[in-house]
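Participant: Let's see this in three dimensions:
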Amino acid sequence: MRNKTSHSFITALIASSLLIVSLGAQAKEKVDKRLETSASPHVEIEHVSGKAKIIGWDKNEVYVSGELGDRTEEFIFEKDGNDITIQVETNHRKINWKEKDYDDGDDLTIYVPTKSGVSYTAVNAGVSVESLTDSVQLEVVNGDIDAKDIAGRMKLETVNGDISLNAVRGLLQIETVNGDVKGEHQGDELTKVMTVNGNVKLKTSSPVVEFESVNGDAELELALIKSLSLTTVNGEIETSMTLDSKADVEASSVGGTITLTMQKDVSARFELEAHAGGDIVNKITSDKQKSAKYGPSKWLEFSVNKGSAGVEMSTVHGELIVKTK
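Facilitator: Numbering: from 1, shown residues only. The predicted structure follows:
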């Protein structure tokens with residue numbers, strides 16, 4: 001036990017709420033362990049190297065099966081009230097942190113109740129998660145994330161890895177460095193994506209979208225937009241959407257191109273600015289950009305169909321394009 005005491009009553013009380021399985025691991029050791037839980041436990045998984053599959057099921061228990069890796073030194077599986085902890089201790093000195101190398105790592109399948117809140121962190125590991133309905137938080141270095149049939153709150157972060165989405169629903173937040181994002185998402189809350197050195201191809205029904213990218217291109221297929229924020233540095237963003245009558249759109253680029261494609265009968269007022277050699281292309285009306293008498297600045301302001309929505313765009317040494325479907 002973590003806290004030793006000479007009082008047997010207190011010891012028994014602690015033991016009733018805290019169950020621990022701790023194994024000194026051997027290379028390629030098999031794992032087949034389970035703990036009973038509530039219908040909605042919080043499951044925290046700390047992994048280092050290998051592969052993990054996290055699957056929701058209709059049983060009130062957490063079940064771990066698979067095989068430990070060559071570098072694994074200890075496997076911890078414990079229950080404390082409504083919290084489940086799965087921790088894999090690994091010899092860090094033998095891991096190549098610069099590359100994705102799963103072959104010598106653990107290969108685990110973890111079944112959890114569908115309504116579980118799941119938190120997973122790993123270094124040099126790939127993870128897939130499916131069939132969960134509460135909250136999922138995944139943080140991975142040197143590994144890919146594959147999310148399928150997930151509902152609720154999702155926060156997915158990876159460095160040197162890709163993120164794939166399939167039939168995910170709810171509040172979505174994504175952060176990637178040196179990785180691509182692709183997939184489909186449904187939701188009526190915020191969708192937020194931040195990426196560095198990666199490309200994005202995303203279809204989402206979220207009415208509120210925030211997107212930031214550095215050194216990457218993006219294709220965003222959006223639905224009915226109420227609020228949209230786009231920022232890119234040295235990248236291209238192409239979006240298609242239907243603007244709500246009171247939508248608020250803000251977009252900016254540095255050395256990049258942003259293209260907004262809206263419905264034919266869009267009602268909006270447009271304010272566009274280009275600096276330091278930037279350019280503005282208007283394919284909605286015949287209005288043309290104007291140039292400053294002194295300096296490389298350009299601007300364009302116009303309205304269509306009474307201009308109920310607002311679109312503000314700016315670029316430095318980039319291009320702004322607005323058009324309809």
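Participant: all helices of the stretch 1-150 of the chain, in order?
Facilitator: Using DSSP state H, counting those that start in this stretch, the helices of the stretch 1-150 of the chain run over residues 8-17.
Participant: can you give me the strands for it?
Facilitator: 18-24, 30-36, 42-46, 50-57, 61-67, 72-80, 83-90, 106-113, 117-123, 125-132, 135-141, 145-159 (DSSP state E, counting those that start in this stretch).
Participant: who's in contact with the fifth one?
Facilitator: Contacts with strand 61-67, where a contact means C-beta atoms under 8 Å, 6 or more residues apart in numbering, come from 28-37, 41, 43, 77, 84, 86, 106-113, 116. Every C-beta, even on glycine, is put in place using the N, C-alpha and C of the backbone.
Participant: Please check these and keep the buried ones.
Facilitator: Neighbour-count burial (16 or more other C-beta atoms under 10 Å) is assigned, among the contacts of strand 61-67, to 31, 35, 37, 41, 43, 77, 84, 86, 106-113, 116.
Participant: thinking again about what came up before, can you tell which of the strands of the stretch 1-150 of the chain is closest to residue 216?
Facilitator: strand 145-159 (13.9 Å; C-beta to C-beta).
Participant: Could you pull up phi and psi at the spatially most central residue of the chain?
Facilitator: For the chain, the residue nearest the mean C-alpha position is residue 174 (2.4 Å; C-alpha atoms, centre = their mean). Main-chain torsions, residue 174, degrees, to the nearest 10: phi -130, psi 140.
Participant: Surely residue 287 touches residue 303?
Facilitator: No - in this structure, residue 287 is not within contact of residue 303 by C-beta atoms under 8 Å, at 9.4 Å.
Participant: so how many other residues sit close to the residue lying closest to residue 291 once chain neighbours are set aside?
Facilitator: Spatially, and ignoring its direct neighbours in sequence, residue 291 is nearest to residue 298 (5.1 Å; C-beta to C-beta, 6 or more residues apart in numbering). Residue 298 has 20 neighbours, counted by other C-beta atoms under 10 Å.
Participant: show me the contacts for residue 298.
Facilitator: By C-beta under 8 Å, 6+ apart, the neighbours of residue 298 are 273-275, 278-280, 289-292.
Participant: what bridges to it?
Facilitator: Residue 298 has these beta-bridge partners by DSSP bridges: residue 274, residue 291.
Participant: before we move on, what about residue 42?
Facilitator: Counting by DSSP bridges, the residues bridging with residue 42 are residue 83, residue 117.
Participant: likewise the one 4 residues further on?
Facilitator: Counting by DSSP bridges, residue 46 forms beta bridges with residue 87, residue 121.
Participant: Tell me how far it lies from residue 303.
Facilitator: Distance, residue 46 to residue 303, by C-beta to C-beta, to the nearest Å: 55 Å.
Participant: Which element, helix or strand, includes residue 238?
Facilitator: Per DSSP states H and E: residue 238 is located in strand 236-254.
Participant: Now do the buried residues in that strand.
Facilitator: By 16+ other C-beta under 10 Å, the buried positions in strand 236-254 come out as 236-241, 243-244, 247-249, 251-254.
Participant: what's the farthest-apart pair in those?
Facilitator: So for the buried residues of strand 236-254, where distance means C-beta to C-beta, the most widely separated pair is 244 and 254, at 27.8 Å.
Participant: The helix or strand hosting residue 314 pairs with which strands?
Facilitator: According to DSSP H and E, residue 314 maps onto strand 309-316. The sheet places strand 309-316 alongside strand 236-254 (parallel), strand 268-275 (parallel), with pairing taken from DSSP bridges.
Participant: any idea which helix or strand comes after that strand?
Facilitator: Scanning forward in sequence from strand 309-316 by DSSP H and E, the next helix or strand is strand 319-324.
Participant: what comes into contact with that next one?
Facilitator: Residues outside strand 319-324 that contact it (C-beta under 8 Å, 6+ apart): 251, 253, 256-264, 266, 270, 272, 274, 278-284, 311, 313-314.
Participant: May I have it as PDB, with CA atoms only?
Facilitator: Written as PDB, here are the backbone C-alpha positions of strand 319-324 (Å, rounded to 0.1, in the frame of the first residue of the first chain):
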ATOM      1  CA  GLU A 319      -3.700  36.800 -50.900                       C
ATOM      2  CA  LEU A 320      -7.400  37.100 -49.900                       C
ATOM      3  CA  ILE A 321     -10.000  35.500 -52.100                       C
ATOM      4  CA  VAL A 322     -13.800  35.700 -51.600                       C
ATOM      5  CA  LYS A 323     -16.300  33.900 -53.800                       C
ATOM      6  CA  THR A 324     -19.700  32.100 -53.800                       C
END
